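just coords:
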């Protein structure tokens, strides 16, 4: 198991994902994946062919079944998460806070989901509707900035200034 994981946000819209399991943990995984637009197939037990062609596989079941699912996913070259068993995972799932278009993910590298959830709760106290509204306004400005500000640096500085002015109350020219 790696000591450090590479964080990534995936576009699962319309992609086929397999979830193996039948309890509340499996239902939670299905709900999260469907919220991201994935086409989820839920099975209590998986066969090797169930894994074929999937974008991701998530096993929320007992460890022995999870190990079999992970092995099938490796053979099919499909990323797999086995809930609560990081050594069988080719990806791990963070604790997530969402506020509008903002997503903050917290991971302890599989060391302690409880700690990741505690940190996520603290982040949720800091990131709220005000930030989501600002993100939407900044998204709307991106096409204008691309058309009117010639360089990456000009666009970066423009958006940094807007964020600083909105959130820190700093005026133009304030570091």
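Now that the structure is in, tell me what you want to look at. Treat the numbers as computed from the prediction; the structure is a model and nothing was measured. Residues are numbered from 1 along each chain as shown.

confidence score at the most centrally placed residue in the chain?
Centroid-nearest residue in the chain, with CA atoms, centre = their mean: residue 9, separated by 4.7 Å. pLDDT, residue 9: 93.

where exactly do the helices run in the chain?
Per DSSP state H, the chain carries helices over the ranges 24-35, 48-51, 63-75, 113-126, 129-148, 152-168.

for the ones you listed, which one sits closest to residue 2?
Nearest of these to residue 2, taken as CB to CB: helix 63-75 at 14.8 Å. (Glycine included, C-beta is placed from N, CA and C.)

Show me what the closest one is in contact with.
20, 45-48, 50-51, 57, 59, 61, 79-80, 82-83, 85, 88-90 (CB atoms under 8 Å, 6 or more residues apart in numbering).

Could you point out which residue ranges in this structure have low pLDDT?
Within the chain, the segments meeting pLDDT under 70 span 1, 170-175.

can you list the domains in it?
What automatic domain parsing lists as the domains of the chain is 11-93, 94-127, 129-168.

how about the second one: buried residues?
Just to be clear, that refers to domain 94-127. Using 16 or more other CB atoms under 10 Å as the test for burial, domain 94-127 gives 94-97, 99, 104-108, 110, 113, 116, 119-120, 123, 127.

Look at that domain and report the distance between its end residues.
17 Å (CA to CA, to the nearest Å).

how much distance is there from that domain to the middle of the chain?
10 Å (CA atoms, centre = their mean, to the nearest Å).

go on, the last one?
Relative to the chain's own centre, domain 129-168 is displaced by 23 Å; criterion: CA atoms, centre = their mean.
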